[in-house]
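Enquirer: Provide a 3D model corresponding to the input given below.
(4 chains)
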2 protein chains.
Amino acid sequence: MTDTPSAPRLLRIQEVAADTGLTARTIRYYEELGLLAPAARSEGAYRLYDTEDLERLRFIRGLRDDAGFALADIRQLLEDEDARARNRERFRGTADEDERRRIVRDAIGIVDRQVATIQAKINRLEAMVTEAEGRRDHLVGHLVDLEAGREPDHTHTPARAAHPGTPR
Amino acid sequence: MTDTPSAPRLLRIQEVAADTGLTARTIRYYEELGLLAPAARSEGAYRLYDTEDLERLRFIRGLRDDAGFALADIRQLLEDEDARARNRERFRGTADEDERRRIVRDAIGIVDRQVATIQAKINRLEAMVTEAEGRRDHLVGHLVDLEAGREPDHTHTPARAAHPGTPR
DNA sequence: TCTAACGTTTACGTGAACGGCAAGGTTTGG
DNA sequence: CCAAACCTTGCCGTTCACGTAAACGTTAGA
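Expert: Reported below is the predicted structural model:
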């Protein structure tokens, strides 16, 4: 029995880059901004990442690409990396049940705030869709006028036809 | 009755800026990128905007701020400004009913594609929410373990609670 | 042990999206 | 007709989010 309890297999920066679709430079840059720190460093100062880091990087990428958040916003969303590291260590470092519960509850709160932020963005986008559909209706109204052979009624079509309910 | 059929009241760039929440510099920059062109120019080359331009600028701002699209993407979304100008002129310039119908139909197609693009972004964001809720469930699972006084089952919680639908 | 492949820090370069200023022309009220 | 306020076209500066190259140390395998 010479093996450690579990060998989490730490990855070096290029492997992480390949796995996440980011570049090594980008990952280092994110560290510089305080978005994440590698789980460990090798003897010779190589950055070493665990699977939790991988998840985090993928999450960051989603926030950047899909949600279009600025890195500064993402930093806010992820809360301070120091706090995360502290929590990790606190969790590993205590056997106190109450303390552990508190830490996990905090983590849940953070996730909830993340969801709320993304949800807010979804709401704004849905408002845009609604608006665009309004412009669509406007155009459809014009088309109906043309089909009827009437004059386009240049003075603003005032909320024309019924709206078949929210499509999609 | 000395008034022209309708006096659309054209605005100069600063008024437009105030109305849209953009700066004059930004509006000129957008024109430089081909996102929009003023409806007209004054005798002395002042840019003059109509209400359609206002709507367009507000839409651009929404795409930029709310959706987080890059201006290059927005340009794609709005189709080429030249095409828009051509259509405008074609519409004003023809009395042919068929032609007008075709133009309006094209415009509707463009709006539909805009909606589809935004909807795609909404879908990606909802996937992120689903994912975040997964992480939440994971944490809640830990919490339940702690509440039960058991060991956290360090070897990866294997898909704990019910999971509605296919993520990803 | 040696070296090819990979990593480190440091630093300058780049494209996107504007900000800001200069030098001059335009509009409009008095 | 004249000045204040607004506009024009350059053009250089700045921030963000990295790219890229230099000079050097580390790791793993033959």
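Enquirer: residues contacting A:E43?
Expert: Applying Cβ atoms under 8 Å, 6 or more residues apart in numbering or on different chains, we find A:E43 in contact with no residue. (Each C-beta comes from the backbone N, C-alpha and C, glycine too.)
Enquirer: so what's the backbone phi/psi at it?
Expert: Main-chain dihedrals, A:E43, degrees, to the nearest 10: phi -50, psi -40.
Enquirer: mind checking pLDDT for it?
Expert: Note for A:E43: predicted pLDDT of 97.
Enquirer: Would you mind measuring from it to chain B?
Expert: A:E43 sits 26 Å away from chain B, going by Cβ to the nearest Cβ, to the nearest Å.
Enquirer: Please identify which helix or strand holds the most centrally placed residue in chain A.
Expert: Compute the mean C-alpha point of chain A, and by Cα atoms, centre = their mean the closest residue is A:L63, 3.0 Å away. Element membership for A:L63 (DSSP states H and E) is helix A:51-65.
Enquirer: For the closest residue to DNA strand D within chain A, grab phi and psi.
Expert: Going by Cβ to the nearest atom of the strand, DNA strand D is nearest to A:G44 of chain A, at 2.0 Å. Main-chain dihedrals, A:G44, degrees, to the nearest 10: phi -90, psi 20.
Enquirer: ditto for A:P38
Expert: Torsion angles, degrees, to the nearest 10, at A:P38: phi -60, psi 150.
Enquirer: ok, it to A:T23 distance?
Expert: For A:P38, the distance to A:T23 (Cβ to Cβ, to the nearest Å) stands at 16 Å.
Enquirer: and the two? which has more neighbours close in?
Expert: A:P38 (20 against 13; other Cβ atoms under 10 Å in any protein chain shown).
Enquirer: Please name the nearest non-neighbouring residue to the more buried one.
Expert: Leaving aside its sequence neighbours, A:P38 sits nearest to A:R47 (Cβ to Cβ, 6 or more residues apart in numbering or on different chains; 4.0 Å).
Enquirer: what bridges to that neighbour?
Expert: Here A:R47 sits in beta bridges with A:R41, going by DSSP bridges.
Enquirer: what sits against it?
Expert: A:R12, A:I13, A:I27, A:R28, A:E31, A:P38, A:R41.
Enquirer: Which of those residues fall within helices?
Expert: Among the contacts of A:R47, the residues falling in helices (DSSP state H) are A:I13, A:I27, A:R28, A:E31.
Enquirer: which among these are in contact with DNA strand C?
Expert: A:I13, A:R28 (Cβ under 7 Å from any atom of the strand).
Enquirer: Spell out the residue ranges of the helices in chain A.
Expert: According to DSSP H, the helices that chain A contains are A:13-20, A:24-32, A:51-65, A:71-77, A:81-93, A:97-147.
Enquirer: Pick out the shakiest of those helices, pLDDT-wise.
Expert: helix A:81-93 has the lowest average pLDDT among the helices of chain A, namely a mean of 74.
Enquirer: Just give the number of residues close to A:N123.
Expert: 12.
Enquirer: ah, wrong one, I meant A:T117
Expert: Using other Cβ under 10 Å, A:T117 is surrounded by 17 other residues.
Enquirer: hang on, isn't it packed against A:L77?
Expert: Yes - here A:T117 reaches A:L77: they are 6.0 Å apart, a contact under Cβ atoms under 8 Å.
Enquirer: picking up where we left off before, with distance to B:L71 added, can I get the helices of chain A in TSV?
Expert: Listed next are these as TSV, based on distance: least, Cβ to Cβ, whole Å:
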stretch	distance to B:L71
helix A:13-20	26
helix A:24-32	22
helix A:51-65	16
helix A:71-77	18
helix A:81-93	31
helix A:97-147	16
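Enquirer: B:A127: which of those helices is closest?
Expert: B:A127 lies closest, by Cβ to Cβ, to one member of the helices of chain A: helix A:51-65, at 8.2 Å.
Enquirer: Remind me what the closest one packs against, helices and strands.
Expert: helix A:13-20, helix A:24-32, helix A:71-77, helix B:97-147 (3 or more Cβ pairs under 8 Å, 6 or more residues apart in numbering or on different chains; DSSP states H and E).
Enquirer: looking at it, A:A67 is touching B:V129, isn't it?
Expert: No - contact criterion Cβ under 8 Å: A:A67 and B:V129 do not qualify, at 10.2 Å.
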